[in-house]
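S.K.: Sharing a sequence plus its predicted fold:
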Protein chains: 2
Amino acid sequence: MTEMTPRCQAILGLVIRTYVEKGTPVGSKMVVDSYGLKVSPATIRNEMAVLEEMGYLAHPHTSAGRVPTEKGYRYFVQHLLGDTVLPPAQQLMIRHQFHQAPLELDQWVKLAVAVLAHTTHKAALATAPRAREGKFKHLELIVLRDTLVLMVLVLEGGAVKQEMLTLDAPVDQAELSRISNEYNDRFAGMSALAISEISGPLQGLNRRIRGIMVQSLLAMDRQDNESMYRDGLVHVLDEPEFFEGPQVRQMFSTLHGSSLVDVVTAAAEPLEIGGVQVLIGGEGRWRDLSELSLVLSRYGAPGGASGLLGVLGPTRMTYDRIIGTVRYVSGLMSALVTDWYDGESNYIEGA
Amino acid sequence: MTEMTPRCQAILGLVIRTYVEKGTPVGSKMVVDSYGLKVSPATIRNEMAVLEEMGYLAHPHTSAGRVPTEKGYRYFVQHLLGDTVLPPAQQLMIRHQFHQAPLELDQWVKLAVAVLAHTTHKAALATAPRAREGKFKHLELIVLRDTLVLMVLVLEGGAVKQEMLTLDAPVDQAELSRISNEYNDRFAGMSALAISEISGPLQGLNRRIRGIMVQSLLAMDRQDNESMYRDGLVHVLDEPEFFEGPQVRQMFSTLHGSSLVDVVTAAAEPLEIGGVQVLIGGEGRWRDLSELSLVLSRYGAPGGASGLLGVLGPTRMTYDRIIGTVRYVSGLMSALVTDWYDGESNYIEGA
DNA sequence: GTTTAGCACTCCCTGTGATGGAGTGCTAAT
DNA sequence: ATTAGCACTCCATCACAGGGAGTGCTAAAC
């Protein structure tokens, strides 16, 4: 059962590689010819029969070649994966696209998704880095018209949150400025907990503002459907297995739907920064992803905010290349984010 | 040629209605049976032959029923469309979804797209209302770390624009507050042109800020790919004509791609607020939309900001119902936006 | 003169074998 | 343990026939 001769492994690897490349079930002759092996097809057939019995390969029908099962892919990813480091040329191309990177964090994330989707030719997704708990930096209150106020909340790290407030009674800008100045003086650099502790019972406008502040600080790391960027979903349509029938529809509702966020966050839960997680065919836990694989990584500043990025494609994908790409982009993004936060903390210490 | 007997019209209408409903080419017998006409199939056949010669109907092959051409649809929309006003029940359902509407304009727009997509079961799109030229309301400069400044620009009407600035030399918050206060006192309520006229030659930070301000004010009505909301693209996959082959792929790149914005803005160019424009099969101008129709409307406050919203679906769609829905939602949105701006201007006058 | 019944014709759609090929699984020989 | 040989299985492809839907024409009916 756990018996797995080196040759068996090798053959499993070859079968998967050829299947990933060609997309059709691969037969014994195909393996021998493609790699110029010194054994006969019959030998391969025997080994393949063993692999099938162990559950790593499957048979569409009696006289077809073999196809990897999810278990097969998983074994491949865990034990047979060679060097997943991207060749320097690829690295350069990716780095180059990050070179004229914009200054806002969200822009970086969008860029990362686009780069991932483009270089892997698959669907890509990412979430912006979020700290576990945000710290208050700056509050601004701007009156738009008598009872309507725009509240702009800036957190440390540069995240900005806008909120509209309607009031019961009109206020003027001077009053609002007075309030926001007080907040800025009193609460700068504090966490939600600290703010809650300081402030006694509140009422009216102050109460609403405080509520939103605390809520925003606490909800920093909650990823919702809106905050996940996606790109390149079209690429998945290029794969022959998604070419026809209602699969296309199902695929797209999966990718576009809101459940994807849950899957991603659940799958990424055990991930350290820089770590890569490979989810093959939903792993039995998510039916939506039955034909899909997800290569996910967490990026961010060590001990600080972190986000997720990854690639989503058919189970039949070139895992080595894609894992390499995801890991590399994750590394780049971590560097960017770390730089950002270092700069930030330096400033604070130096101030 | 321009000859079009009433009965011809009626038959064209019936053919289109049945085709839209069934999705298969419709034959003479089908028409007679479906509507209990008092004429024989042969009569219908003759008329249909005439309609075909005039270019309103087409023949997939010799012994198939008739299918409407783009020209046929256009004639239908222009002359044969009955009452496109939505039944009260539908109106109520839509209105109800707008009832607990959020306070931000963009949220309204998103809601409108969702409602359109949902009720028509087609793809929907919308752009946020933009004024021809914005007016400055409020500027806020917040230092994030030594040389990095967050600039928040609020325009009249509540549009908010964020921008990051990197400086050559560090500044402190006090200095920034001084600058922003000066701007707020001096330029409140002014247009880009007025601001440009007042200010003499500038340098350094002031020059950058002024540049962004003017640019933002001028670019208010420019719709880019990012600013167009889309929803319900999946619905189009339900239509049988998009079920198979590379059409799906092409469709999706069309709908997701950036060229759609150009098409929409070009098509909407002649539209008055409240007007509805129907684009059938790309009208020969846009090859991407060959199988698609676009029902578009402009909404907004009269003389003020306006945006676009519409529905995109296969040429084979129920034009009356969809035009009705688009017009109704457009009306609702116009009311919302007008309210918004009225409130705004009231405040300004009363201030 | 318009309408209609009748009919031949055209073309698609579907199901049915028939054929070939790719690949397996088994057995016996190496 | 490996391999050659071979029967077998099942899929894919093609051709072909029959049924069906619908047309276009013609001639008769109103």
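M.R.: Looks like it came in fine.
S.K.: Tell me the residue of the stretch 101-250 of chain A that sits nearest chain B?
M.R.: A:R145 (3.5 Å; CB to the nearest CB). (C-beta placed from N, C-alpha, C; glycine too.)
S.K.: count of neighbours near that residue?
M.R.: 21 (other CB atoms under 10 Å in any protein chain shown).
S.K.: bridging residues for it?
M.R.: With DSSP bridges as the criterion, A:R145 is bridged to A:L148.
S.K.: and the helix of greatest length in chain A, how far out from the chain's middle?
M.R.: For chain A, the longest helix by residue count, based on DSSP state H, is helix A:319-350. Put simply, helix A:319-350 sits 14 Å off its chain's centre (CA atoms, centre = their mean, to the nearest Å).
S.K.: now for it, which elements pack on it?
M.R.: helix A:88-99, helix A:105-120, strand A:276-280, strand A:292-300, strand A:306-314, strand B:136-145 (3 or more CB pairs under 8 Å, 6 or more residues apart in numbering or on different chains; DSSP states H and E).
S.K.: I'd like the mean pLDDT over it, please.
M.R.: Average pLDDT, helix A:319-350: 79.
S.K.: Tell me which residues of it come out buried.
M.R.: A:319-330, A:332-334, A:336-338, A:340-341, A:344, A:347 (16 or more other CB atoms under 10 Å in any protein chain shown).
S.K.: and the gap between A:V15 and chain B?
M.R.: Separation of A:V15 from chain B (CB to the nearest CB, to the nearest Å) stands at 29 Å.
S.K.: That residue belongs to a helix?
M.R.: Yes: counting by DSSP: H, G, I helix; E, B strand; the rest coil, A:V15 is located in a helix.
S.K.: Check the burial of it by counting its neighbours.
M.R.: A:V15: 28 neighbours (other CB under 10 Å).
S.K.: now A:L80
M.R.: Neighbours of A:L80 using other CB under 10 Å come to 17.
S.K.: What confidence value was assigned to it?
M.R.: For A:L80, pLDDT reads 91.
S.K.: Go ahead and confirm it touches A:C8.
M.R.: No: counting by CB atoms under 8 Å, A:L80 stays clear of A:C8, with 10.7 Å between them.
S.K.: Give me the pLDDT for the residue of the stretch 101-250 of chain A closest to chain B.
M.R.: 78.
S.K.: ok, it to B:Y73 distance?
M.R.: 45 Å (CB to CB, to the nearest Å).
S.K.: One more: A:M30?
M.R.: 51 Å.
S.K.: Of the two, which one has the most company?
M.R.: B:Y73 (23 against 20).
S.K.: Briefly note if the strand or helix carrying that one comes near DNA strand D.
M.R.: According to DSSP states H and E, B:Y73 maps onto helix B:70-75. No: if you take CB under 7 Å from any atom of the strand as the test, helix B:70-75 misses DNA strand D, and the best it gets is 14.2 Å.
S.K.: From the chain's centroid, how far away is that helix?
M.R.: Counting by CA atoms, centre = their mean, helix B:70-75 comes out at 22 Å from the chain centroid.
S.K.: coming back round to it: angle of the longest helix of chain A against strand A:292-300?
M.R.: Counting by axes from the mean of the first three to the mean of the last three CA atoms, to 10 degrees, helix A:319-350 lies at 20 degrees to strand A:292-300.
S.K.: Residues of the stretch 201-350 of chain A that sit close to DNA strand D?
M.R.: Counting by CB under 7 Å from any atom of the strand, the stretch 201-350 of chain A has no residue next to DNA strand D.
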